[in-house]
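In: Provided below for reference: sequence and predicted model.
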Amino acid sequence: MILTALNKYYRSEHFKNQRRDPYTQYTSPYESVLCTDYVQSMYVQLLCGLYQHKQINRVGASSASALLRVIKFFELNWQDLVLDIRVGSLNPKITYEPLRECMARIMKSDPELADFLTIECSGENWEGIIQRIWPNAKYLGTIITGSMIQYAPSLDYYSRGLPIATAKYASSECCFGINLNPISKPEDVSFTFMPNLAYFEFIRQEHHSSKMDIGNSTVTTPDLINLVDVEVGKDYEVVTTTHAGLYRYQMGDILRATGFHNSAPKFKFLRRKGVLLSIEGDKTDEVELQMAMDNASQMLQEYSVSLVDYTSHASKKIAPGHYVIYWELSVGDSDKNAQSDEVISRCCQIVENSFSLTYKRYRAHGAIAPLEIRLLKNGTFQDLVELAVSRGASIGQYKVPRCVETGLVLEFLDSRAVSSHFSPCLPSLASEESI
């Protein structure tokens, strides 16, 4: 049976029979971790966390997006959870028998806790809800690097600024290193590589030389740089040879060397390898797209609107092709004009002005049509998670795709679009330059 690394670990005898350790003591019973129905699993884990709300010192999930999904789930289901605590019995919608059996031993009626939760959750303002419900929580434990950094403002809102700790850099293939300053700001997180975990080599991103086939793709022999030979400030793709048998496997992660701890280099995660969007000779990667979203989000904040999530598509159905950005917005009590064509069209301009000079030149030549932002119905990205899980994806490792090419996901997004808005003019540099 093929399992993700997290699933394999949580199903292992090592996890089940590990020694009691105050640093890895969980509120959730083993049965809730094994439950394959993620809705039932999340419900029960939240319920256990609420029962022990004064004992909890860390709130976490596998990634920042996963932690936000838990908070949203709590927001939608808190009344059912409170009722269970008030009466001391589990909601009948939880049908996984091992869960019902273990919770029958744990649950008890606690009207005082139920009243406290009702007061905290019944208001419209959920700012600081994590600290209000779990007052002794000292930090959030989750991955906040790379594309996950966009979720930092939302986590700050719900936690009232609790530190976010990303302790290690790991994947299904192997563990790479640890964060020696785990509560550093998300944009400053660096990981110190541990040479005993695997054999690490690196491909500098500027150039390549003579080719040979190794691992899962073609790289060049002279480009492979040893761990101790990386240069601070340079960008690299990591190549790993593992104890499990992977040989010179290209991970597809692009890192930047930020320094050394003794002789061990430290790296900042930048992005996944590869171009996200391209119509002609333009190439827009994950970092550039994220910066564009950040710039547009700043304008949305003027209207008390926040960007829930986004993805993109390079549409070539009609020539010339153009970029399509899919947005889900959280509006709340914002200005009624926040989603007007005027405001979102200005956002289109901001996004285009954030892209490379190459993109702007193609726009000026008419080789790329104006950028489009399509607004989506509320809950679209949560429904996208459920669609992915229904098709076999792991809920713990699911990440919103930053670019969608074709197929079911693209059709789903288009079916949830409520309005389309286009950039009204050329990007600033392209309109000013003589090309």
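Out: Everything's here; your move.
In: Could I have the CA atoms of stretch 235-244 written out in CSV?
Out: Once non-C-alpha atoms are left out, stretch 235-244 reads as follows in CSV (Å, rounded to 0.1, in the frame of the first residue of the first chain):
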residue,chain,number,x,y,z
ASP,A,235,20.0,30.1,-5.3
TYR,A,236,20.0,26.3,-5.7
GLU,A,237,17.9,23.3,-6.4
VAL,A,238,18.5,20.6,-3.9
VAL,A,239,19.4,17.0,-5.1
THR,A,240,19.3,14.2,-2.6
THR,A,241,20.6,10.7,-2.2
THR,A,242,18.7,9.0,0.7
HIS,A,243,19.2,6.0,2.9
ALA,A,244,16.0,4.6,1.4
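In: How about residues contacting that stretch?
Out: 173-174, 176, 198-205, 214-215, 219, 224-225, 230, 246-257, 267, 270, 273 (C-beta atoms under 8 Å, 6 or more residues apart in numbering). In short, each C-beta sits where N, CA and C put it, glycine included.
In: That one: which residues count as buried?
Out: Residues of stretch 235-244 classed as buried: 235, 236, 237, 238, 239, 240, 241 (neighbour count, 16 or more other C-beta atoms under 10 Å).
In: What is the most widely separated pair among these?
Out: 235 and 241 (21.0 Å; C-beta to C-beta).
In: re earlier: among the buried residues of stretch 235-244, which are located in strands?
Out: 235, 236, 237, 238, 239, 240, 241 (DSSP state E).
In: out of those, who's nearest residue 361?
Out: Distances from residue 361 to those, taken by C-beta to C-beta, are shortest for residue 235, at 24.3 Å.
In: Dig out what that closest one forms beta bridges with.
Out: residue 256 (DSSP bridges).
In: What count of nearby residues applies to residue 67?
Out: 26 (other C-beta atoms under 10 Å).
In: Apologies, that question was intended for residue 280.
Out: The number of residues packed near residue 280 is 15, by other C-beta under 10 Å.
In: Where does it sit, in terms of helix or strand?
Out: Secondary structure assigned from DSSP states H and E places residue 280 in neither a helix nor a strand.
In: Could you report the distance from it to residue 321?
Out: 8 Å (C-beta to C-beta, to the nearest Å).
In: what do these two both touch?
Out: What both residue 280 and residue 321 touch, as defined by C-beta under 8 Å, 6+ apart, is the set residue 368.
In: So, low pLDDT: which residues of the stretch 101-250 of the chain?
Out: Within the stretch 101-250 of the chain, the set of residues satisfying pLDDT under 70 comprises 207-222.
In: show me where it has helices.
Out: Listed in chain order, the helices of the stretch 101-250 of the chain (DSSP state H, counting those that start in this stretch) span 111-121, 129-133, 152-159.
In: got the CA positions of the longest one in PDB?
Out: Extracted as PDB, the C-alpha positions of helix 111-121 are listed here (Å, rounded to 0.1, in the frame of the first residue of the first chain):
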ATOM      1  CA  PRO A 111     -22.100  22.900  31.000                       C
ATOM      2  CA  GLU A 112     -19.700  25.500  32.300                       C
ATOM      3  CA  LEU A 113     -17.300  24.900  29.400                       C
ATOM      4  CA  ALA A 114     -20.200  24.900  27.000                       C
ATOM      5  CA  ASP A 115     -21.300  28.300  28.200                       C
ATOM      6  CA  PHE A 116     -17.800  29.700  27.900                       C
ATOM      7  CA  LEU A 117     -17.500  28.400  24.300                       C
ATOM      8  CA  THR A 118     -20.900  29.800  23.400                       C
ATOM      9  CA  ILE A 119     -19.900  33.300  24.600                       C
ATOM     10  CA  GLU A 120     -16.600  33.300  22.800                       C
ATOM     11  CA  CYS A 121     -17.900  31.800  19.500                       C
END
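In: contacts for it?
Out: 50-51, 53, 75, 78-79, 81-83, 85-86, 129, 132-133.
In: If we use 7 Å, what do you get?
Out: 50, 78, 82, 85, 86, 129, 132, 133 (C-beta atoms under 7 Å, 6 or more residues apart in numbering).
In: between those residues, which is nearest residue 60?
Out: Using C-beta to C-beta, these come closest to residue 60 at residue 133, 14.6 Å.
In: where's the closest one relative to residue 44, distance?
Out: For residue 133 relative to residue 44 (C-beta to C-beta), the value is 17 Å.
In: got CSV for the ones in strands among the buried residues of stretch 235-244, with distance to residue 189 too?
Out: Formatted as CSV, these follow (distance: C-beta to C-beta, whole Å):
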residue, distance to residue 189
235, 16
236, 17
237, 19
238, 16
239, 22
240, 20
241, 25
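In: Would you mind measuring from residue 283 to residue 357?
Out: Taking C-beta to C-beta, one finds residue 283 at 12 Å from residue 357.
In: What of residue 297?
Out: Distance from residue 297 to residue 357, counting by C-beta to C-beta: 23 Å.
In: Which one's more surrounded, those two?
Out: Ranked by neighbour count (other C-beta under 10 Å), residue 297 and residue 357 place residue 297 first, with 19 against 13.
In: before we move on, what SS does the more buried one have?
Out: Following DSSP: H, G, I helix; E, B strand; the rest coil, we place residue 297 in the helix state.
In: Bridged to the residue nearest to it when sequence neighbours are not counted, which residues?
Out: Leaving aside its sequence neighbours, residue 297 sits nearest to residue 307 (C-beta to C-beta, 6 or more residues apart in numbering; 4.9 Å). Per DSSP bridges, the residues bridged to residue 307 are residue 329.
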